[in-house]
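Asks: kindly return the folded structure for what I paste below:
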Amino acid sequence: MKNNELETKSELQEKSLFDKTVGRRSFLQYAGAGAAGIALVAAGCSKDRGYDNPTMNGATLDFKDDFGVLNYAYALEQLEAAFYIKVANSNTQFTGTNAAAKKAYFQDIQFHEIAHREFFKAALGTAAIGSLEVDFSSIDFTSEASVLATAMAFEDLGVAAYNGAGPRLKTGAYLLLAGKIVSVEARHAAYVRDIISNGSFADLNSLTSLGANNSGGLDAALTPDKVLAAASKYIKTKINVINL
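Replies: Numbering: from 1, shown residues only. Modelled structure (predicted):
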């Protein structure tokens, strides 16, 4: 997938995928941050693909305030970033006339998810939870079908998560930024769905289990407890939820 919103390939290319940094322009675009948000995200613009917080034995998401919602989003973005980085560094056997587009999709989207992850880490500062330990043992990264199915599941779940958590945000600036990020996640979801089945990008009937309402024209939306339950098979770190 050619994406002119990303930094050019030459700007991003270094000796390995894990040595590359998120470019400042890409970071701000895909974090959805405008001038008002730059102060929050500046600290994350030069972060590399790894992150400093040590993996924890457990994490607590306290939904008593906006920080709980932001940490919830941060946890999900950690999961997505880890998945896309893994795919980009795996020898997945993409097939068909659009095999190159499929591979490019995963190469590109990893940078979007890294930018989202680093945005939340920078915005939360010392209030951020630590790094989550993931478990992708159920995914066959050599299989196109397995990788695409997992990507679709993650993207659909991510959209449902943002839509479901949005009403819990009390600060307008946070709600605006979350809205911008979920619009990017929705484009990811639409694109990967179309790769799997051409023309299915707007099929709300297939998303009813995630809270979508086709007759009402409403996209998927799930409460945090349901989202975390669905994602739990991919997260080793124990996540405790309070004040939900």
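
Asks: quick check: buried residues in stretch 60-67?
Replies: Leu61, Asp62, Phe63, Asp66, Phe67 (16 or more other C-beta atoms under 10 Å). To be clear about C-beta, it is placed using only N, CA and C from the backbone, and glycine gets the same treatment.

Asks: can you confirm Leu61 is in a helix?
Replies: No. Remark: Leu61 does not belong to a helix; assigned using DSSP: H, G, I helix; E, B strand; the rest coil, it is strand.

Asks: in contact with it, which residues?
Replies: Gly68, Asn71, Tyr72, Ala75, Ile129, Pro224, Ile239, Asn240, Val241, Ile242 (C-beta atoms under 8 Å, 6 or more residues apart in numbering).

Asks: now, of those, which are buried?
Replies: Gly68, Asn71, Tyr72, Ala75, Ile129, Pro224, Ile239.

Asks: need these in CSV with pLDDT and distance to Ile195, can you?
Replies: Below are the buried ones among the contacts of Leu61 laid out as CSV (pLDDT from 0 to 100; distance: C-beta to C-beta, whole Å):
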residue, pLDDT, distance to Ile195
Gly68, 96, 34
Asn71, 97, 31
Tyr72, 96, 28
Ala75, 97, 26
Ile129, 95, 32
Pro224, 93, 28
Ile239, 95, 30
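
Asks: quick one on the thing from earlier: looking at the contacts of Leu61, which is nearest Ile181?
Replies: Nearest to Ile181 among the contacts of Leu61 is Tyr72, at 12.7 Å by C-beta to C-beta.

Asks: show me what whichever helix or strand that closest one is part of is packed up against.
Replies: Using DSSP states H and E, Tyr72 maps to helix 66-88. With contacts taken as 3 or more C-beta pairs under 8 Å, 6 or more residues apart in numbering; DSSP states H and E, helix 66-88 sits against strand 58-62, helix 99-124, helix 144-165, helix 172-196, helix 224-231.
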